[in-house]
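Student: Using only what follows, build the 3D model:
(2 chains)
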Amino acid sequence: MMAALARACKRPIFLRMADPILIPRPEGLYCPEGDFHIDPVRPVPRALITHGHADHARAGHGAVMATAQTLDIMALRYGDGFTPSRQVATGPTRINGVTVSFHPAGHVLGSAQIRIENARQVCVVTGDYTRTPNSACAPWEPVACDILVTEATFALPVFRHPDPVQEIGKLLASVRAFPDRAHLVGVYALGKAQRVIMLLRQAGYDAPIYIHGALAKLCDYHIAQGVALGDLRPATVTRGRKGDFAGAIILGPPSAFAATWAQRFPDPVICFASGWMMVRARARQRGVELPLIISDHVDWGQLTQTIEDLNPAETWITHGREDALLRWCAIRQRKAIPLRLVGYEDEPE
Amino acid sequence: MIAGFADLLERLAFTPRRNLKLAHLSGYFKATPDPDRGYALAALTGDLALRRVTPSLLRGLVTARVDAELFALSYDFVGDLAETIALIWPAPAQIDSPALSELVRELQDSPKTQLPARIIARLDSLPPSQRYAYLKLATGGLRVGVSARLARQAVADYGALDLAEVEELWHGLSPPYESLFHWAEEGPKPVSAARAPFRPVMLSSPTDLDDLRLRDPAEFMAEWKWDGIRVQAVSDHGERRLYSRSGDDISGAFPDLLAALDFDGVIDGELLIRRGERVAAFSDLQTRLGRKTVSAKMLASHPAALRAYDLLFREGRDLRALPLTARRNMLESTVAELDPARIDLSPLLPLTDWDQLAAMRAAPPDPVIEGVMIKHRASPYLAGRIKGHWFKWKREPMLVDAVLMYAQRGHGKRSGYYSDFTFGVWDAGQLVPVGKAYFGFTDAEMKELDRFVRNNTTERFGPVRAVKPEKVVEVAFEGLNRSTRHKSGLAMRFPRIARIRNDKPAQEADELATLQALLTSGT
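Tutor: Numbers count the residues shown, from 1 in each chain, chains lettered A, B, ... in the order given. Purely as a prediction, here's the structure:
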């Protein structure tokens, strides 16, 4: 009978339980008491945005609340008119029947977890997050909650991401070993690019780093926000001067590597900085010669540690590899619910 | 050290270019002493017989450490057993990297009862990349994009040796190949003790009518391209062997054919299952492949036969430098004295002009023909794919427009993408599945299909998703067999997705009756 009811309502059965604080809807997570969505994938009247990656932060909402940096990033990407009404998340804010606050997620500049409190419960929506130190943004902080709504991008026990400092060491060793070749590092424009640059700088690499035009706006924004990226130069080549890039490190979006842009550089070593690079087949599929395992998401150890640390009554899983995390929770007799939200990429382009 | 071998595997796995792979291999042979480098070479060529470590043994070991379901989900994603275990195994408390040879000997010599405990001890003391190398070594099949031939090429490069000489010698040598490395380092050439060695085979390049029209048909001979397995039958002073074209010894599975090799020499031909004059479909041959032994019943129901193309040696004389016409004459007189039920000649086709050959190719007399071979009359028998001598002109594939029904996530290169597709055609208003395909599409098409699957899933069955019957794909295939195992009653040979038909509504995809008509028309 319950099953029939759930089918009639086209909603998973758990939502028949009394007044959930959040409801998964096709357009994204919805908070009925606050009457807003979090990271909606379609235009809604009021959206709270965790971070600026394109699959979480879209243009066209009636009103947007996010951190000042996320709002800036959305304006950079979509133009000032991305929403008629912006609200900077500062401290705890009342929205209709709930109180919301934003807390650093360690994922990219401006990224936040969103805490929602009503009379009965505290719920934290992590957005994307990592606990690995990331000098391009504020570090993740634990937020106690009854319901943890977490991502599960790398939720398989094979994902134990190594220390990114060691991975940057691999890149620098390759640059030394192949002084005549250019090193082309695939990075996403928001977050990964600045993370890799900061890791290089911290490893003592102070030569100019060349960047593809698609990275320029966001790198400039990071510098304006006080992230010391050092000497960055545009990766443009004038005809017949390929040799200028021998031994150089060049950053670009992975999509540019398939384009003729990549042909400008001398015998390039194709590198890609991503958590997926742990799996050989993934690296080979992208034609990567030097995989750099650098992730802006929690790996399996961090994810399970977070659940143990916060010890929520329920764990809801937004997107990613939920099956393994569900199994892990089941073994530990923790309540976990897959939301299977669609529209979020494994890693945004 | 296993560390050096692990490093080598890592480099090879991510080096796309053949020349760089060769450089990495030569560098490794130079830097690594005997016997480690020889065991590494054997591991790469598949000549290291450590097959006692089975995937099921390893699965048992890992699921004693890690939850079985978590392991299964991880394996599904990573797609490679050794890599999954290497990544998921708990971190070592203390690291110990022994020599490669020590590990090989331990795997070879350990009593079966002690093997699991020894493997566990190794996994507990190696870091992840070395665990991976160790497991690859233990299970065989490194899959690092290096063929046995490329590995032998690297040895030849290292010692500035002739690859053909190394290949001919190969079957007389065994790991750790100290005499081979000694030769490479200016020692004497080893003497092969083995009788009936494998000779590197000659391969053809694809061609088409436009390309052929540039050539003079009078200079060429043509014959059918039979859809069996290219083999080399060797009989050397009573020692008889059957090799696959890559040099694997497959004698064990074909004792009936071996008994019929009543000649002294080397014949290049096609292995077929033949009942009297009738050549059986490829699937019949498949049932006999890969067996160590074969039952009397199978020998009677699936008799093996050789259709001879070429003669490389006769009575100790090397004929490979002779022109094809001379070899063909000698082949004809050799085959004339053999049991015609087991060994016959691949007949020559009349060849006066290319259009006439095109007409024959379009209507072959036997369904087990997959095109025509065109060979230069003066061609010597050369190792490898040497341009300009031999050509293959394959039959056009058959095409059907089918509707995507189910999708499964791929393994390996495709892990994380829905890239294994089941498709169907209409039968009385219902879709019936007629085949599965997991290649043929470009990377961009794969992403398009993956996105379609994710956004149009109607049901999930474990790793399989059912999708809305909306996407039409053009499926190319090489032939149809009747099948009792499939609901549709037929099975496709070599199906692949030729293109996505976004222009075609699903209702206009093909009917099952269309395929059934192809089946009865004898193709």
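Student: Low-confidence ranges, chain A, go.
Tutor: In the prediction, chain A carries residues with pLDDT under 70 at positions A:1-18, A:237-243, A:258-260, A:263, A:345-349.
Student: got the residues of it near chain B?
Tutor: With CB under 8 Å from any CB of the partner chain as the criterion, chain A meets chain B at residues A:156-160, A:276, A:278-285, A:287-291, A:321, A:323-324, A:327-328, A:331, A:342, A:346. C-beta: built from backbone N, CA, C; applies to glycine.
Student: Could you pick out the buried ones from the residues you listed?
Tutor: A:156-160, A:276, A:278-285, A:288-291, A:321, A:323-324, A:327-328 (16 or more other CB atoms under 10 Å in any protein chain shown).
Student: SS state for the most centrally placed residue in chain B?
Tutor: Nearest residue to the geometric centre of chain B (CA atoms, centre = their mean): residue B:246, 8.5 Å. Following DSSP: H, G, I helix; E, B strand; the rest coil, residue B:246 is assigned to coil.
Student: Identify the residue spatially nearest to it, adjacent ones excluded.
Tutor: Excluding the flanking residues, the one nearest residue B:246 by CB to CB, 6 or more residues apart in numbering or on different chains is residue B:148, at 6.9 Å.
Student: What residues does the one you found make contact with?
Tutor: B:44-47, B:246-247 (CB atoms under 8 Å, 6 or more residues apart in numbering or on different chains).
Student: Give me the buried subset of those residues.
Tutor: Among the contacts of residue B:148, the ones that count as buried by 16+ other CB under 10 Å are B:44-47, B:247.
Student: Using JSON lines, lay out these together with secondary structure, distance to chain A and pLDDT.
Tutor: Shown next, in JSON lines, are the buried ones among the contacts of residue B:148 (DSSP: H, G, I helix; E, B strand; the rest coil; distance: CB to the nearest CB, whole Å; pLDDT from 0 to 100):
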{"residue": "B:44", "secondary structure": "helix", "distance to chain A": "16", "pLDDT": "91"}
{"residue": "B:45", "secondary structure": "helix", "distance to chain A": "21", "pLDDT": "88"}
{"residue": "B:46", "secondary structure": "coil", "distance to chain A": "19", "pLDDT": "82"}
{"residue": "B:47", "secondary structure": "coil", "distance to chain A": "24", "pLDDT": "83"}
{"residue": "B:247", "secondary structure": "coil", "distance to chain A": "26", "pLDDT": "77"}
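Student: Closest one of the residues you listed to residue A:112?
Tutor: Lowest distance from residue A:112 to these (CB to CB) belongs to residue B:44, with 50.3 Å.
Student: Do a quick rundown of the strands in the stretch 1-150 of chain A.
Tutor: Along the stretch 1-150 of chain A, counting by DSSP state E, counting those that start in this stretch, strands occupy A:23-25, A:28-31, A:36-38, A:46-48, A:63-66, A:86-88, A:93-95, A:98-104, A:112-117, A:122-125, A:147-152.
Student: Turn these into JSON lines, columns for mean neighbour count.
Tutor: Below are the strands of the stretch 1-150 of chain A laid out as JSON lines (neighbours: other CB atoms under 10 Å in any protein chain shown):
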{"stretch": "strand A:23-25", "mean neighbour count": "17"}
{"stretch": "strand A:28-31", "mean neighbour count": "23"}
{"stretch": "strand A:36-38", "mean neighbour count": "25"}
{"stretch": "strand A:46-48", "mean neighbour count": "25"}
{"stretch": "strand A:63-66", "mean neighbour count": "23"}
{"stretch": "strand A:86-88", "mean neighbour count": "15"}
{"stretch": "strand A:93-95", "mean neighbour count": "14"}
{"stretch": "strand A:98-104", "mean neighbour count": "19"}
{"stretch": "strand A:112-117", "mean neighbour count": "24"}
{"stretch": "strand A:122-125", "mean neighbour count": "22"}
{"stretch": "strand A:147-152", "mean neighbour count": "25"}
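Student: Save those as TSV, and put in distance to residue B:340 too.
Tutor: TSV is the format used below for those (distance: least, CB to CB, whole Å):
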stretch	distance to residue B:340
strand A:23-25	72
strand A:28-31	74
strand A:36-38	78
strand A:46-48	80
strand A:63-66	83
strand A:86-88	88
strand A:93-95	89
strand A:98-104	82
strand A:112-117	80
strand A:122-125	78
strand A:147-152	66
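Student: Ok, which of the ones you listed comes nearest residue A:228?
Tutor: Nearest to residue A:228, of all the strands of the stretch 1-150 of chain A, is strand A:98-104, at 19.0 Å by CB to CB.
Student: Parallel or antiparallel, list what pairs with that closest one.
Tutor: When sheet partners are counted by DSSP bridges, strand A:98-104 sits next to strand A:93-95 (antiparallel), strand A:112-117 (antiparallel).
Student: my guess is residue A:197 is in a strand, correct?
Tutor: No. Counting by three-state DSSP, residue A:197 is not found in a strand; it is helix.
Student: Wait, it touches residue A:229, no?
Tutor: Yes. Using CB atoms under 8 Å, residue A:197 makes contact with residue A:229 at a distance of 4.9 Å.
Student: These two: who's more crowded?
Tutor: Each of residue A:197 and residue A:229 has its neighbours counted (other CB atoms under 10 Å in any protein chain shown); residue A:197 has more, 27 against 18.
Student: List the contacts of that one.
Tutor: A:136, A:209, A:219, A:229-230, A:232, A:251.
Student: and these, which of them are in strands?
Tutor: Counted as lying in strands by DSSP state E, out of those, are A:209, A:232, A:251.
Student: Who does residue A:290 form a beta bridge with?
Tutor: residue A:271.
Student: With residue B:464 instead?
Tutor: residue B:408, residue B:461.
Student: so which strand or helix has residue B:194?
Tutor: In the assignment (DSSP states H and E), residue B:194 maps to no helix and no strand.
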